[in-house]
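> next one to model:
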Amino acid sequence: MSTVTTDPHAHAEHEHHHGPAKGLKRWLYTTNHKDIGTLYLLFALTMFFIGGAMAMVIRAELFQPGLQIVQPDFFNQMTTVHGLIMVFGAVMPAFTGLANWLVPMMIGAPDMALPRMNNWSFWILPFAFSILLLSLFMEGGGPGFGWTFYAPLSTTYSSDSTALFVFSVHIMGISSIMGAINVIVTIMNLRAPGMTYMKMPLFVWTWFITAYLLIAVMPVLAGAVTMVLTDKYFGTSFFDAAGGGDPVLFQHIFWFFGHPEVYIMILPAFGIVSSIVPTFARKPLFGYASMVYATSSIALLSFLVWAHHMFTTGMPVFAELFFMYCTMLIAVPTGVKVFNWVATMWRGAMTFEVPMMFALAFIVLFTIGGFSGLMLAITPADFQYHDTYFVVAHFHYVLVTGAIFSIMAAAYYWLPKWTGHMYDETLGQWHFWCSLISVNVLFFPMHFVGLAGMPRRIPDYALQFADFNALISIGGFAFGLSQLLFVWLVVKCIKGGEKATAQVWEGAEGLEWTIPSPAPYHSFTTPPEIK
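Just a heads-up that it's a prediction; the model follows:
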């Protein structure tokens, strides 16, 4: 087996002849997993703010009923591109950045297995999102058919920006597949001697499983967007009933990708929380093996539930029952995880630094999102909930207080490792409390307007929803502004501050960075005194 790409001597020799690359060149050419991880994380943060600005436009328009600041067409483009950017531009690259930084260090590898491909899989992303964002300036406007781009909206009734949208999604998919291949090859081939699979930190396990999900479903998305492209521009009729196609076929293909995709966006979060909770409880993670099996079973089951997004399309009752029960089954391994996190904290010597606060908020609020998901899984109930703001509340609890909060927790937890400096704890606490309160003001009332029948994706609404929507929008603006505190904190941390020590998190034991939890002592003895 060739070791050209991972041989440190070859790299040193290259640097000796050419000197280390400086400035922009360093970042363009880098094959260093830490540099590439940093690029992914900064890119994700940028996209988080661009996608967030679009959410602000949506909330400003819905602040009160009637036309206010944007036309309905532009409102639809905002909902579409906001969704695409947050999913493919913020959450997924952030998790990929964490994987790049941490997976090699956690398994004792010198770098990622395929460093040149690693570089490329990042650098095509800025182009993908430039294409998507520039499509908004085309004649006829950007994509306005929702991030799920259902046919015939995306095929018959869309502007010419559809071609750019399809191209950008293809590039995002290529990037994701390359990143996933890299993670799998690294974990399988570059583990340090003695690092067996069942000794890997849970963050590594969750990413290992996520990478397989990505490789399984991204080609399905590529197929869906290609069929949309040929239906629109080349006279095929995959989704056109007049030509013998079926618009519901689109939904089956899309959600066969789309449902595993939402687990791609939450499994790494489980890994992060499983690293943080043991550290601040100062106890080993409860039930390591059951966590690995739970994660695997969630991943497998995610392929059997796609049509729960489609209960209202008129499926046979047998199919509706099948998808209902399979969806409810996913709650079981997820419940195992929540139980294990709580059991880890039980009788632990807990402290509440910012990473732990975000992790605790994750556990509570993600569970709320899980329960509303169970409600949506009940087929007859879903006929009432479908396409209302209840669904919006559900998936934002999973993705904002789930995925985004876990990324925040990870950032606070590993910033000292990345920068060599401690972040400002007081500023971090302010960021946490502002985010926690505003995010609930933003998303919790959506459950109520949804249950009362307010439809999603519509730029106007009945007068009875006015008060709740004003409150929701205020929560939205507050949450958006709260994130500026985070940027300030990260900039301060990079520039300097208190030096991070080898034992960053004060505890009974000096916690090593490479292991997900402190050296074990018996879970049910009295925890040792904390310094």
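> after the helix or strand containing Phe395 comes which helix or strand?
Element membership for Phe395 (DSSP states H and E) is helix 389-398. Using DSSP H and E, the helix or strand that directly follows helix 389-398 along the chain is helix 405-419.
> list the helices and strands that following helix packs on?
Where contact means 3 or more C-beta pairs under 8 Å, 6 or more residues apart in numbering; DSSP states H and E, helix 405-419 is packed against helix 33-61, helix 92-107, helix 267-281, helix 354-377, helix 425-451, helix 466-495. In this view, the C-beta of every residue, glycine as well, is placed from N, C-alpha and C.
> ok, Pro247 - contacts?
Pro247 sits next to 150-152, 239-241 when contact means C-beta atoms under 8 Å, 6 or more residues apart in numbering.
> show me which of these is closest to Thr279.
Distance ranking of those against Thr279, using C-beta to C-beta, places Tyr150 first at 43.5 Å.
> quick one: the helices in the stretch 201-350 of the chain?
202-233, 247-264, 267-281, 288-301, 317-345 (DSSP state H, counting those that start in this stretch).
> rebuild the ones you listed as JSON lines, extending it with distance to Gly141 and mean pLDDT.
Listed next are the helices of the stretch 201-350 of the chain as JSON lines, based on distance: least, C-beta to C-beta, whole Å; pLDDT from 0 to 100:
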{"stretch": "helix 202-233", "distance to Gly141": "15", "mean pLDDT": "98"}
{"stretch": "helix 247-264", "distance to Gly141": "22", "mean pLDDT": "98"}
{"stretch": "helix 267-281", "distance to Gly141": "34", "mean pLDDT": "96"}
{"stretch": "helix 288-301", "distance to Gly141": "38", "mean pLDDT": "98"}
{"stretch": "helix 317-345", "distance to Gly141": "35", "mean pLDDT": "97"}
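> out of these, nearest to Trp488?
Nearest of the helices of the stretch 201-350 of the chain (C-beta to C-beta): helix 267-281, 22.5 Å.
> packing partners of the closest one?
In terms of contacts (3+ C-beta pairs under 8 Å, 6+ apart), helix 267-281 is packed against helix 92-107, helix 202-233, helix 288-301, helix 317-345, helix 354-377, helix 405-419.
> orientation of the longest one relative to helix 247-264 in degrees?
Computed with axes from the mean of the first three to the mean of the last three C-alpha atoms, to 10 degrees, the direction of helix 202-233 lies at 160 degrees from that of helix 247-264.
> on the three-state scheme, the closest residue to Thr186 other than its chain neighbours is what?
Once flanking residues are discounted, Thr186 sits nearest to Ala113: 4.3 Å by C-beta to C-beta, 6 or more residues apart in numbering. Secondary structure, DSSP: H, G, I helix; E, B strand; the rest coil: Ala113 is coil.
> so Ala113 sits against Met178, correct?
No: taking contacts as C-beta atoms under 8 Å, Ala113 lies outside contact range of Met178: 11.8 Å.
> neighbour count winner among the two?
Ala113 (22 against 18; other C-beta atoms under 10 Å).
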